[in-house]
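[1] Whatever this is, show me its structure:
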Amino acid sequence: MTRQSSIAIVGAGIGGLAAAALLADAHRVMLYDQFPEPRPIGSGLVIQPVGQAVLDLCGAGQDARALGARITRMQGDEAARGRRVLDVRYDRQGGPVHGLAIHRAALFDALYRAMQARGGAVRTATRMVSAPLDGAHRWLLDDTGQRHGPFDLVVDAAGAGSALSPLVARPLPYGAIWGTVPWPEATDLPPDELRQRYRAANRMAGVLPLGRIRVRRWISGRRPTLRPGRPR
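    Reported below is the predicted structural model:
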């Protein structure tokens, strides 16, 4: 691609926002999403040091670290016998290498801000159904029949159920229940560790400190507010 190529990204999730923030510095980027407004989906996660380096390249690293929680260890035990099956230790408190636990809403917001700061544009309420090739360029066709483009590159970041992908997603035979609650003042759980218990690979429970969430009013334009630290 030459400088200032025209790039379309389909799907304003974590992957789509990260790609948009990375590419918008040097190219014209249009991000499409099927929802009426961009929004995060899911609970918390731990970003490893390599992922944090990518956030820095996106321009979202500083914001994400301010919202997330430093993780120095990830520990998981088998529930019935207490056998240790996961034990990842990072540098001790204050060290340069650590995991970053963050709520997806906070990560989403940091990436969204970085993408906007770099000039990326977003078009919502637009569901793409195909990406036909016309000569040297790609076009996008939405579910109303409207054509968008042309683009030098189309990035499909719409997830497992994307209409642009030839792959067919298969639902998992099990689900997940998650929630965020205020961190208790009196607890033996360490505030810088992920703790998990397993009965099988698909039967587990865990607690993860997540830092804080910036609550953003995407449509109303109100200033974001902050909620205090809460675990998964």
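
[2] need the longest strand for the protein.
    As assigned by DSSP state E, the longest strand anywhere in the chain is strand 193-200.

[3] mind listing what's buried in it?
    Buried positions in strand 193-200, judged by neighbour count with 16 or more other Cβ atoms under 10 Å: 193-198. Where C-beta positions appear, they are placed from N, C-alpha and C, glycine not excepted.

[4] same question, stretch 172-185
    By 16+ other Cβ under 10 Å, the buried positions in stretch 172-185 come out as 180, 183.

[5] Alpha carbons of that stretch, as CSV, please.
    Coordinates of each C-alpha in stretch 172-185 appear next as CSV, following Å, rounded to 0.1, in the frame of the first residue of the first chain:
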residue,chain,number,x,y,z
LEU,A,172,-19.8,-23.6,21.9
PRO,A,173,-21.6,-26.3,23.9
TYR,A,174,-21.3,-24.3,27.0
GLY,A,175,-21.6,-20.6,28.0
ALA,A,176,-20.2,-18.2,30.5
ILE,A,177,-21.6,-16.0,33.4
TRP,A,178,-19.6,-12.9,34.4
GLY,A,179,-20.2,-9.8,36.3
THR,A,180,-18.5,-6.7,37.8
VAL,A,181,-18.8,-5.8,41.4
PRO,A,182,-17.0,-3.4,43.8
TRP,A,183,-13.8,-4.8,45.2
PRO,A,184,-14.5,-5.8,48.9
GLU,A,185,-12.5,-4.0,51.5
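
[6] Nearest to Gly13, out of the buried residues of strand 193-200: which one, please.
    Lowest distance from Gly13 to these (Cβ to Cβ) belongs to Leu194, with 22.6 Å.

[7] now the longest strand of the chain, how far from the centre of its chain.
    22 Å (Cα atoms, centre = their mean, to the nearest Å).

[8] Check which helices and strands it is in contact with.
    On a contact count with 3 or more Cβ pairs under 8 Å, 6 or more residues apart in numbering; DSSP states H and E, strand 193-200 meets strand 73-78, strand 203-207.

[9] Highest mean neighbour count out of those strands?
    strand 73-78 (a mean of 17; mean count of other Cβ atoms under 10 Å).

[10] Give me the next element, helix or strand, following it.
    Going down the chain from strand 73-78, the next helix or strand is strand 84-89, by DSSP states H and E.
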